[in-house]
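**Q** Could you look at this predicted model? Sequence included:
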Amino acid sequence: MLVRLSPEDAHTCMLMGHDTVALCKMQGFPPRLENKNQTREEANALGFKAEFAVARLLSTRLPTVNVVTDGGVDLWFDDVSIDVKFTNNANNGLIFDSPEKFKARVAVLVAPTDEPDVMSIEGWMGRPEFIRTATTKDFGYGPRIVVERENLPGIETLWRTLHELRFKNTNN
């Protein structure tokens, strides 16, 4: 599913990406994931765009800048924690370093598109199913656990599941 961010959201994500790097530098933390294709600020802004796209789709609170850690949770839908995983290459699938790094109840995979204000929500998976079905793969920086993109349910099933849970809980 494609989600177009408003100009305001895209601008906010760019600012948050720059603020995150500046705050980390002020704290003496070295920048992470420097590569030839994008700056750390650009990478962080893309991550925030992914989070904003999911937040807008699910109508959750928008993400905030976290200086040290987000604890593995980017968004909340009622009592359901969500980790938004941005990737520049959706073909790599939904990736975690280890089962312990999957802290949220669900994870959502998001990739960029050719349009800078449009994000592609590729799919999602709950933690237990991910751990049960993930395979190990080395992308060149050590083994990681992954579920291939084609094995991820579409985001519409997460939306439906969350809303069914919400209304089930309010009708008791």
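**A** Structure's in. What do you need? Residues are numbered from 1 along each chain as shown.
**Q** May I have stretch 38-47 exported as CSV, CA atoms only?
**A** Taking Å, rounded to 0.1, in the frame of the first residue of the first chain, the C-alpha atoms of stretch 38-47 are listed here in CSV:
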residue,chain,number,x,y,z
GLN,A,38,22.9,8.5,2.0
THR,A,39,23.9,10.5,5.0
ARG,A,40,22.9,9.5,8.5
GLU,A,41,20.5,12.5,8.5
GLU,A,42,18.9,11.2,5.2
ALA,A,43,18.6,7.7,6.6
ASN,A,44,17.0,8.9,9.8
ALA,A,45,14.5,11.1,7.8
LEU,A,46,13.5,8.1,5.8
GLY,A,47,13.0,6.1,8.9
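**Q** Only the buried residues of it, if you could.
**A** 40-41, 43-47 (16 or more other Cβ atoms under 10 Å). From N, CA and C alone the C-beta is placed, and that goes for glycine too.
**Q** Might one say that residue 58 is in contact with residue 162?
**A** Yes. With contact defined as Cβ atoms under 8 Å, residue 58 reaches residue 162; the gap is 6.7 Å.
**Q** Spit out the residues that contact these two alike.
**A** Contact criterion Cβ atoms under 8 Å, 6 or more residues apart in numbering; residues shared by residue 58 and residue 162: residue 77.
**Q** Export the buried residues of stretch 38-47 as a markdown table, with columns for distance to residue 70 and secondary structure.
**A** Output for these, formatted as a markdown table (distance: Cβ to Cβ, whole Å; DSSP: H, G, I helix; E, B strand; the rest coil):
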| residue | distance to residue 70 | secondary structure |
| --- | --- | --- |
| 40 | 16 | helix |
| 41 | 18 | helix |
| 43 | 15 | helix |
| 44 | 12 | helix |
| 45 | 16 | helix |
| 46 | 16 | helix |
| 47 | 10 | helix |
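**Q** What about residue 134, how many residues nearby?
**A** Residues within reach of residue 134, counting by other Cβ atoms under 10 Å, total 21.
**Q** Let me see the contact set for the closest residue to it other than its chain neighbours.
**A** What sits nearest to residue 134 in space, not counting adjacent residues and going by Cβ to Cβ, 6 or more residues apart in numbering, is residue 145, at 4.0 Å. Counting by Cβ under 8 Å, 6+ apart, residue 145 touches 95-99, 130-131, 134-137.
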